[in-house]
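>>> need coordinates for the below:
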Amino acid sequence: MSPSWMARLTKLRELTLYKCMNCEHLPPLGKLLSLESLSIWYMGGVKNVGNEFLGIGSGGTLSSSSAIVAFPKLKYLSINYMEEWEQWEEWNYKIIEEDVLIMPSLRFLQLNSCCKLKALPEYILQMTTLEELRIKYCYVLNLEKLWLSSYKEDIPLANMRMLTLDSCINVEYLPPLGKLSYLESIIIKRMGRVKRVDNEFMGIESSGRHRSITVFPKLKILVFENMDEWEEWDIAIGDEESTIMPSLQWVTIQCCNKLKGLPDHLLRAPRLEQLTINRCSILKERYRGEMGEDWTKISHIPNVQIHR
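Numbering: from 1, shown residues only. Take a look at the predicted model:
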């Protein structure tokens, strides 16, 4: 049952729920047909976000089309400090027989400090409208599922342009982000168990076939910070016709003290304009000034900054 106040909010476009600590279930906000921005903060009593959040059930959300639509205009969704939230349920298609659309306009999703959240529902992973995803301090979230959709022929989040992964401390291997051909910006921070970045991150599958490929075709910004255990970054591609990051312009590596070197494919990116290395002791010695053993590999880059 919808709270009585929702019936009067037919034109509401922006909503923030803040420190509703006694709330154990989110209201059926999917029924707010004009809602474009939703921010949820400090809902410490919520452990499960189920189908009721979508506002779909008997006599579900109405729309002008034959399909039922939850959150028809929502573009911005930010969920923060839901420290007891464990489960975000899949949509149960057995509830009603009509076609259902969920958040068909969503562009931005942030999950911040949802420490117990285990996975994202399939209806989020299958979004073709999502352009920016930020995941921060979600310690047990299954990132592997982000890239392994149950729809095998599809690539989850295929049209995403900006991605931030911060403090996903249980992750040992970075996901195959190279498969997201529209990505323009990647920021990865505090992934404390990652020791190696290789072809898997590039989205390159090992097989006997040799073919020309383009990896990260639109990537412009690449940032790694505070990767305490990261030691190796290796791109192993034998085909000379393969293209790696042809649009890359800006690379920042910060506080990665165990990292031994940067891959040649990265340093040869044709549009690379700025390389920043900060607080990376091994990289500093390897690439610094004219004295570093690999200075010649970066000397062509217009703006190189190596600090401390």
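
>>> got the end-to-end distance for stretch 285-292?
6 Å (CA to CA, to the nearest Å).

>>> cool, stretch 160-176 as well?
By CA to CA, the extent of stretch 160-176 from end to end equals 14 Å.

>>> and that stretch, what's buried?
160-168, 171, 173-176 (16 or more other CB atoms under 10 Å). Bear in mind the C-beta positions are built from the backbone N, C-alpha and C, glycine included.

>>> so what touches it?
130-141, 143-144, 146-147, 177, 180, 182-197, 200-204, 218 (CB atoms under 8 Å, 6 or more residues apart in numbering).

>>> buried subset of these?
Buried among the contacts of stretch 160-176 (16+ other CB under 10 Å): 130-138, 141, 143, 146-147, 177, 180, 183-192, 194, 197, 200-204, 218.

>>> in strands, which of those residues appear?
Using DSSP state E, the subset of the buried ones among the contacts of stretch 160-176 located in strands is E132, L133, R134, I135, K136, S185, I186, I187, I188, K189, V197.

>>> now distance to C115 and pLDDT too, for these, in a markdown table please.
Output for these, formatted as a markdown table (distance: CB to CB, whole Å; pLDDT from 0 to 100):
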| residue | distance to C115 | pLDDT |
| --- | --- | --- |
| E132 | 22 | 97 |
| L133 | 18 | 96 |
| R134 | 16 | 97 |
| I135 | 12 | 96 |
| K136 | 11 | 97 |
| S185 | 25 | 98 |
| I186 | 23 | 98 |
| I187 | 20 | 98 |
| I188 | 19 | 98 |
| K189 | 16 | 97 |
| V197 | 25 | 96 |
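
>>> about what we covered before: quick check: the two most widely separated of the buried residues of stretch 160-176?
Spatial extent of these (CB to CB) is set by the pair R161 and Y173 at 23.2 Å.

>>> what segments of the stretch 51-200 of the chain are strands?
68-70, 76-80, 87-88, 100-102, 108-112, 132-136, 162-166, 185-189, 196-197 (DSSP state E, counting those that start in this stretch).

>>> kindly reformat the ones you listed as a markdown table containing distance to Q274.
Shown next, in a markdown table, are those (distance: least, CB to CB, whole Å):
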| stretch | distance to Q274 |
| --- | --- |
| strand 68-70 | 43 |
| strand 76-80 | 30 |
| strand 87-88 | 38 |
| strand 100-102 | 40 |
| strand 108-112 | 26 |
| strand 132-136 | 22 |
| strand 162-166 | 18 |
| strand 185-189 | 14 |
| strand 196-197 | 20 |
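
>>> closest one to K260 among the ones you listed?
The closest of the strands of the stretch 51-200 of the chain to K260 is strand 196-197. By CB to CB, the value is 10.6 Å.

>>> off-centre distance for the closest one?
18 Å (CA atoms, centre = their mean, to the nearest Å).

>>> also stretch 103-123?
Per CA atoms, centre = their mean, the centroid offset for stretch 103-123 relative to its chain is 9 Å.

>>> put the alpha carbons of that stretch into PDB.
Written as PDB, here are the backbone C-alpha positions of stretch 103-123 (Å, rounded to 0.1, in the frame of the first residue of the first chain):
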ATOM      1  CA  MET A 103      13.700   2.700 -15.100                       C
ATOM      2  CA  PRO A 104      13.900   3.100 -18.900                       C
ATOM      3  CA  SER A 105      15.400   6.600 -18.700                       C
ATOM      4  CA  LEU A 106      18.100   6.000 -16.100                       C
ATOM      5  CA  ARG A 107      21.400   7.700 -16.900                       C
ATOM      6  CA  PHE A 108      23.300   7.800 -13.600                       C
ATOM      7  CA  LEU A 109      23.600   5.300 -10.700                       C
ATOM      8  CA  GLN A 110      25.700   5.600  -7.600                       C
ATOM      9  CA  LEU A 111      26.000   3.000  -4.800                       C
ATOM     10  CA  ASN A 112      28.000   4.400  -1.900                       C
ATOM     11  CA  SER A 113      28.800   2.700   1.400                       C
ATOM     12  CA  CYS A 114      26.300  -0.100   1.000                       C
ATOM     13  CA  CYS A 115      28.700  -2.500   2.800                       C
ATOM     14  CA  LYS A 116      26.500  -5.600   2.800                       C
ATOM     15  CA  LEU A 117      24.900  -5.400  -0.600                       C
ATOM     16  CA  LYS A 118      25.700  -8.600  -2.500                       C
ATOM     17  CA  ALA A 119      24.500  -8.100  -6.000                       C
ATOM     18  CA  LEU A 120      22.600  -5.900  -8.500                       C
ATOM     19  CA  PRO A 121      19.300  -7.100 -10.100                       C
ATOM     20  CA  GLU A 122      19.200  -8.100 -13.700                       C
ATOM     21  CA  TYR A 123      17.000  -5.200 -14.600                       C
END
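
>>> domain map for this structure?
Domains of the chain are assigned by automatic domain parsing as 13-155, 171-308.
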